[in-house]
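**Student:** how would this look folded up:
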Amino acid sequence: MDPKGVGSVSVELNNTAAQLLASLCVELGTDDAAGVLSRALGVLDLCVRGKAKGGTVCIINAHGESSEVVI
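**Tutor:** Just a heads-up that it's a prediction; the model follows:
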């Protein structure tokens, strides 16, 4: 792992995670798997930090309905 966070690292994925990542790349119309992974980890980090502070993270759909993200 790069302690300065500026280089690349290799990540081994199981079959389920690899399929999910590939599916997200198709859905988002990108071949940048590292970018998709970074965005997903950013959302996870937001949820974990929110929970640690006693808060929650909610997703609001186009109809104004909300769902709490539970991890």
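**Student:** which SSE is the spatially most central residue of the chain in?
**Tutor:** In the chain, the centroid-proximal residue (CA atoms, centre = their mean) is Ala40; its distance is 1.2 Å. Applying DSSP states H and E as the criterion places Ala40 in helix 33-52.
**Student:** In that helix, which residues are buried?
**Tutor:** Of all the residues in helix 33-52, those buried under the rule 16 or more other CB atoms under 10 Å are 36-37, 47. All C-beta atoms are positioned from the backbone trio N, CA, C, and that covers glycine.
**Student:** of those residues, the lowest pLDDT goes to which?
**Tutor:** On pLDDT alone, Cys47 ranks lowest of the buried residues of helix 33-52, at 91.
**Student:** OK, contacts around that residue?
**Tutor:** Cys47 sits next to 57, 69, 71 when contact means CB atoms under 8 Å, 6 or more residues apart in numbering.
**Student:** Go ahead and confirm the second one touches Thr56.
**Tutor:** Yes: here Val69 lies in contact with Thr56, judged by CB atoms under 8 Å, at a distance of 7.3 Å.
**Student:** Retrieve the pLDDT associated with the residue lying farthest from the centre of the chain.
**Tutor:** No residue in the chain has its C-alpha farther from the mean C-alpha position than His63, which lies at 23.2 Å (CA atoms, centre = their mean). What the model reports as pLDDT for His63 is 96.
**Student:** Quick check: which element contains it?
**Tutor:** Counting by DSSP H and E, there is no helix or strand that carries His63.
**Student:** okay, and for the chain, where does confidence drop off?
**Tutor:** By pLDDT under 70, the low-scoring segments of the chain are 1-3.
**Student:** Quick check: Ser23 vs Ala17, distance?
**Tutor:** In this view, Ser23 and Ala17 are 11 Å apart by CB to CB, to the nearest Å.
**Student:** go on, Val26?
**Tutor:** For Val26, the distance to Ala17 - CB to CB - is 15 Å.
**Student:** again, but for Asp45
**Tutor:** For Asp45, the distance to Ala17 equals 17 Å [CB to CB].
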